[in-house]
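K.L.:
Sequence plus predicted model, see below.
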Amino acid sequence: MLQTAPDQLALATRDGLPDDLLQLRNKYPRDVWPGHANLGDWVQFWLDRHRMFRELGAMLTDACEQLQGARIGIAEFEPWFTPRLEFFFGHLDLHHKIEEFHLFPVFAKAEPVLEHGFALLESDHQAIHALVDTMQEAATRLLADTSADADKDRTRRAGDDTARALAALVRGLYAHLDDEEDLIVPIVLDHTEAKLGLV
Ligand SMILES: [Fe+2]
Ligand SMILES: [Fe+2]
């Protein structure tokens, strides 16, 4: 599969999936998904994972904004933020591995005309992991000193860097989740979970 997307399809610049990947999505637009007979337990569980990532992104963003607005201090921020960030990154990494090794090949085999869409989603995962690395580095700098006498200017600058890196990550991740759902859910609705061997 492709390792990097052409520039116009890069996660940071594209606006949704290109038309050639939207044939099935046009047959099954988002408003028919809820309550569709083929929206089974597997796809609902997978969509729930995406919902969890979106919620975690929003919660972490809110915590960074509270720190930036001095509504909480770094000593209070750290024990809330660190375990949730680790949970977020750990589950995101696992989710991507499952998709790449188990799920994308199943869907690409079922719909060979959409195979290049899965190469695109894999290149998104690489872009997201680069954004995770940048975010992790910023958070490590921020959390290097959480003591009561931590340098306030340094904490403020590191907090701004962390918030900026998180915003870029969340923006990229949300765009990826939307596009991935637009590619995969219509395949499941068209083929059924049972025929795809998902259940
Ligand atoms: Fe993904
Ligand atoms: Fe996903």
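P.N.:
Perfect, I can see it now. Ligands and ions are numbered 1, 2, ... in the order given.

K.L.:
which other helices and strands contact the host helix or strand of Asn26?
P.N.:
In the assignment (DSSP states H and E), Asn26 maps to helix 23-27. Contact partners of helix 23-27 among helices and strands, from 3 or more CB pairs under 8 Å, 6 or more residues apart in numbering; DSSP states H and E: helix 152-191. Where C-beta positions appear, they are placed from N, C-alpha and C, glycine not excepted.

K.L.:
contacting residues around the next helix or strand after the helix it packs on?
P.N.:
Next along the chain after helix 152-191, taking DSSP H and E as the criterion, comes helix 193-196. Here helix 193-196 makes contact (CB atoms under 8 Å, 6 or more residues apart in numbering) with Asn38, Gly40, Asp41, Trp42, Val43, Val106, Phe107, Ala110, Ile187, Val188, Val199.

K.L.:
so for the helix holding Asn26, what's the average pLDDT?
P.N.:
Rounded to a whole number, the mean pLDDT of helix 23-27 is 97.

K.L.:
what inclination does the next helix or strand after it have with respect to helix 152-191?
P.N.:
Once the chain leaves helix 23-27, the next helix or strand it forms, by DSSP H and E, is helix 41-68. Helix 41-68 runs at 160 degrees relative to helix 152-191, counting by axes from the mean of the first three to the mean of the last three CA atoms, to 10 degrees.

K.L.:
for ligand 1, what are the nearby residues on this structure?
P.N.:
For the chain, the residues in contact with ligand 1 (CB under 5 Å from the ion) are Glu99, Glu180.

K.L.:
center of the chain - which residue?
P.N.:
With distances taken as CA atoms, centre = their mean, Leu173 lies nearest the centre of the chain, 3.3 Å away.

K.L.:
where does the chain have low pLDDT?
P.N.:
Low-confidence segments of the chain, defined by pLDDT under 70, span residues 1-4.

K.L.:
tell me the secondary structure for the residue lying closest to Ala75 once chain neighbours are set aside?
P.N.:
Residue nearest to Ala75 in three dimensions, not counting chain neighbours: Thr146, with 5.4 Å by CB to CB, 6 or more residues apart in numbering. Counting by DSSP: H, G, I helix; E, B strand; the rest coil, the backbone at Thr146 sits in coil.

K.L.:
close enough to count as contact, Thr146 and Glu76?
P.N.:
No - look at Thr146 against Glu76 with CB atoms under 8 Å: they stay out of range, at 9.2 Å.

K.L.:
In the helix holding Asn26, which residues are buried?
P.N.:
Using 16 or more other CB atoms under 10 Å as the test for burial, helix 23-27 gives Leu24, Arg25.
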